[in-house]
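A.B. asks: Next one to model:
(chains A and B)
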Amino acid sequence: MSTESNVLDELEWRGLIAHSTDRDALRAALAEGSVRFYVGFDPTAPSLHMGNLVQILTAKRLQDAGHTPYALVGGATGMIGDPKESGERTLNSLDTVKDWVERVRRQIEPFLSFEGEHAATMVNNYDWTASMSTIDFLRDIGKHFPVNRMLARDVVKSRLEAGISYTEFSYVLLQSMDYLQLHRDYGVCLQFGGSDQWGNLTGGVELIRRADGGKAHAFATPLVTKADGTKYGKTEGGALWLDPEMMSPYAFYQFWLNAEDEKVSELLRIFTFLSREEIGELDRQTAEKPFLRAGQKALAEQVTTLVHGAEETERIKAASAALFGGGDLHDLAVPTLAAALREAGAATIEGKEAIPTIVDLFVLAGLAKSKGEARRTVAEGGAYLNNERVEDAEYVPGGQDLLGGSWLVLRRGKKNLAGVEIV
RNA sequence: GGCAGAUUGCCCGAGCGGCCAAUGGGAGCGGACUGUAAAUCCGUCGGCUUUGCCUUCGAAGGUUCGAAUCCUUCAUCUGCCA
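C.D. replies: Numbering: from 1, shown residues only, chains lettered A, B, ... in the order given. Here you go, the predicted model:
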């Protein structure tokens, strides 16, 4: 690595540094040699989501620049729960946490290289936390945490009225202890995380200084927000999951494809490995010919490829082209149509003699949560069968409506599609 | 421990015995306009076997022909006094 192209400059250009401890010291450390760094993931769900992806990709950027990752899964911290403003978390059972730890671990692994000079290492904080005695914890760790400082943290302050358990209040000690442990065992001297983690990050830096007189660094990545400042990465279904079982790759791709013009550049920087030149060119196209959506297309393709692979992405692109192509669905080759619908999401029902009504089909295909909602959609003029608006909620599709003899294409609004195969 | 006030649909917030599935705003959803963008305007926004029925207004009981609205107890929160 050369000093003139410090990876920190790269991260800053991508907008990935929201806060940082002494930036010059960090820059110097990164220029000096391979820095061992860590980033942690708590198993709060069966899958990681968009916010975690920022951390994973940042870890990869650092590894690509010659630094050495320690990816931590929170088998211990996941048992406790990081305090959040909305209120106390529900504790998960040990079995659930263990299961989620495994899933999270498997999701992280493909992004990092576990071979070569800067091979990544997976660690689980359960390994050094579970066996620790309460006495040791309170004497060796707790002694370094002034409660008045802990109370001053924003999350804690926001919870003082509504209430916060001692368990969650103590969370920062555990995460700080992780950093100390990794610092001692492996010489890890950089931790990063989301900006909501800033207090936990500096907690560790502080602990290393107080306990060992050691020097450690930390930085926080920004919270990705929409153009209007609200949280990004939320869909009707909740978070933007990386697990294909929890969010179909097609839906994942569509999410990125629908990015607002104002956000595309920022998202390209954070979520893709495209170069400055390539992103600059896409920015120019977005500004000059926004209707081409070149930035959105590149973004969706790049991120989906990173998470779900090139093959799957090709299938999704083909499906999107077929379904959004604007052509007559009757002109599509049946195998193309079938493949596209399977990507987009398709239900199968039996019995061509007894096809359900449009309302039932909408519920069945998952386009409406209830029959009432399906009826409303029809009344609002937002229900389509084979790209034609349906006026009658009780309409029963017949043989003439079956594309290729067995397919129905249902659409709600502009972009919610689902296929139904009648066999 | 005592007194006073709160608790409403995804969120915020009106309602204070019948006209309440419940005003209004936000989010969401649909339409128009576009570029599978944003903004704007319009509509919609508990469920169902949908001219009607069922379940909702912190929980459980009660008064009443009838309760989100009154009473009792419980839970939680907020003030004031110890």
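A.B. asks: give the contact list for the nearest residue to A:Tyr179 once chain neighbours are set aside.
C.D. replies: Excluding the flanking residues, the one nearest A:Tyr179 by CB to CB, 6 or more residues apart in numbering is A:Gly204, at 3.0 Å. (Each C-beta comes from the backbone N, C-alpha and C, glycine too.) By CB atoms under 8 Å, 6 or more residues apart in numbering, the residues touching A:Gly204 are A:Gln175, A:Ser176, A:Met177, A:Asp178, A:Tyr179, A:Leu180, A:Gln191, A:Ala216, A:Ala218.
A.B. asks: Tell me, how many residues neighbour A:Ser165?
C.D. replies: A:Ser165 is flanked by 14 other residues according to other CB atoms under 10 Å.
A.B. asks: What does it show for phi and psi?
C.D. replies: Per-residue torsions, A:Ser165: phi -80, psi 160 (degrees, to the nearest 10).
A.B. asks: tell me, how many neighbours does the spatially closest residue to it that is not a sequence neighbour end up with?
C.D. replies: Once flanking residues are discounted, A:Ser165 sits nearest to A:Glu88: 5.9 Å by CB to CB, 6+ apart. Each residue near A:Glu88 was counted by other CB under 10 Å, and the total is 15.
A.B. asks: and what of A:Leu160?
C.D. replies: Neighbours around A:Leu160, by other CB under 10 Å: 10.
A.B. asks: so A:Ser170 touches A:Gly81, yeah?
C.D. replies: No: applying CB atoms under 8 Å, one finds A:Ser170 not in contact with A:Gly81, separated by 10.3 Å.
A.B. asks: distance of the residue nearest to A:Tyr179 from A:Thr21?
C.D. replies: Distance, A:Gly204 to A:Thr21, using CB to CB, to the nearest Å: 10 Å.
A.B. asks: A:Ser170 and A:Gly81 - which one has more neighbours?
C.D. replies: A:Gly81 (19 against 16).
A.B. asks: Give me the distance between the more buried one and A:Ser131.
C.D. replies: Using CB to CB, A:Gly81 is found at 20 Å from A:Ser131.
A.B. asks: same question, A:Ala300
C.D. replies: 46 Å.
A.B. asks: And these two? Which one has more around it.
C.D. replies: Taking other CB under 10 Å, A:Ala300 and A:Ser131 do not tie; A:Ala300 has more neighbours (24 against 8).
A.B. asks: Am I right that that one falls within a helix?
C.D. replies: Yes: assessed by DSSP: H, G, I helix; E, B strand; the rest coil, A:Ala300 belongs to a helix.
A.B. asks: That one contacts A:Tyr253, correct?
C.D. replies: Yes: with contact defined as CB under 8 Å, A:Ala300 reaches A:Tyr253; the gap is 5.0 Å.
A.B. asks: can you map out the strands along the stretch 51-200 of chain A?
C.D. replies: Counting by DSSP state E, counting those that start in this stretch, one finds strands in the stretch 51-200 of chain A at the ranges A:68-73, A:121-124, A:190-194.
A.B. asks: Partner strands of the first one and their direction?
C.D. replies: The reference is to strand A:68-73. strand A:36-41 (parallel), strand A:121-124 (parallel) (DSSP bridges).
A.B. asks: In the shortest one, which residues are buried?
C.D. replies: For strand A:121-124, the neighbour count (16 or more other CB atoms under 10 Å) marks A:Thr121, A:Val123, A:Asn124 as buried.
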